[in-house]
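1. What would the 3D arrangement of this be:
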Amino acid sequence: MKALTNCVLVLTFFLMTACLRQELKPQDPIWGKQACENCRMVLSDKRFAVQRILSTGRILYYDDINCALKHNHGNDEGLLFVRPYGIETWVPAQEAQYMTGLMTPMNSGYGAVKEGGTINFSEIKKKFQGQ
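-> Numbers count the residues shown, from 1 in each chain. Next up, the predicted model:
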């Protein structure tokens, strides 16, 4: 009987912690109203939008990849997502490719693409974070 009680307690614990765990997944900002966390420009161009989801669940939105990578968000790197050109979903920034020569909101010139890009995320990160 004691083993059954312990089993029920352990199962209850796992169920409760599973319910408390917040799934960190990307969400759209309020387009045309929500401001970039770095430059405060209103997010209006989905093609260059970026978001960082902190471990607390807080979402920080950016209008350009350089704003996201230059913004001081403390020690919480979180998860970074981009919207590759022509795709209406968010993808992890590390999975996207990037191309240059684009007219972007903050003139970084870089935008995410699903394929056909010549630059990977680590190169973009080095460029804007100086690492």
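
2. contacting residues around V42?
-> Applying Cβ atoms under 8 Å, 6 or more residues apart in numbering, we find V42 in contact with G32, K33, Q34, A35, C36, D63. Any C-beta I mention is one placed from the backbone N, CA and C, and that applies to glycine too.

3. what's the burial count for K25?
-> Using other Cβ atoms under 10 Å as the criterion, K25 is surrounded by 10 other residues.

4. how much space between the nearest residue to it once chain neighbours are set aside and Q27?
-> Of all residues beyond its chain neighbours, the one nearest K25 is I53 (7.6 Å), with distances taken as Cβ to Cβ, 6 or more residues apart in numbering. Between I53 and Q27 the computed distance is 9 Å (Cβ to Cβ, to the nearest Å).

5. now G117
-> Spatial separation of G117 from Q27 under the definition Cβ to Cβ is 25 Å.

6. Surely the residue nearest to K25 is in contact with Y61?
-> No: in this structure, I53 is not within contact of Y61 by Cβ atoms under 8 Å, at 10.2 Å.
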